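Asker: Show me the folded form of this:
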Amino acid sequence: MPSALTKKFIALGFNAWAATVRLKHAVRRLGALKLGKVDHFTIPVHDLERARAFYCDVLGAAYLMRVDDETFRRFGRP
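Answerer: Sure, this is the predicted structure:
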């Protein structure tokens, strides 16, 4: 049966180990990028109508505009 002093040393060692683990995680997070919100993202697809249906009907995204080859030509982009 461990004595009270042995139990205190075990608890002290465990707490020290747990503190080093928490410190390592905190240091790693210091340089990590944090994402607040997503304004928009672009995913090139071959079938725009099928992609729109998936993202709007299945995932619930809002359909705001269509950017296809004709749109690029109107704005003078190749």
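
Asker: For this structure, which segments count as helices?
Answerer: Along the chain, the segments classed as helices by DSSP state H run 4-30, 48-53, 69-74.

Asker: any idea which of those is most buried?
Answerer: Each of the helices of the chain was scored by mean neighbour count; the highest is helix 48-53, a mean of 12, by mean count of other CB atoms under 10 Å. Any C-beta I mention is one placed from the backbone N, CA and C, and that applies to glycine too.

Asker: one step back: among the helices of the chain, which is nearest residue 37?
Answerer: Closest of the helices of the chain to residue 37 is helix 4-30, at 19.4 Å (criterion: CB to CB).

Asker: Spell out which residues make up each domain of the chain.
Answerer: Domain assignment for the chain by automatic domain parsing gives 1-34, 35-78.

Asker: So for this structure, the centremost residue is which one?
Answerer: The chain has residue 35 as the residue nearest its centroid, 6.8 Å off, counting by CA atoms, centre = their mean.

Asker: thinking again about what came up before, what would the domains of the chain look like in JSON lines with mean pLDDT?
Answerer: Output for the domains of the chain, formatted as JSON lines (pLDDT from 0 to 100):
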{"stretch": "domain 1-34", "mean pLDDT": "84"}
{"stretch": "domain 35-78", "mean pLDDT": "84"}
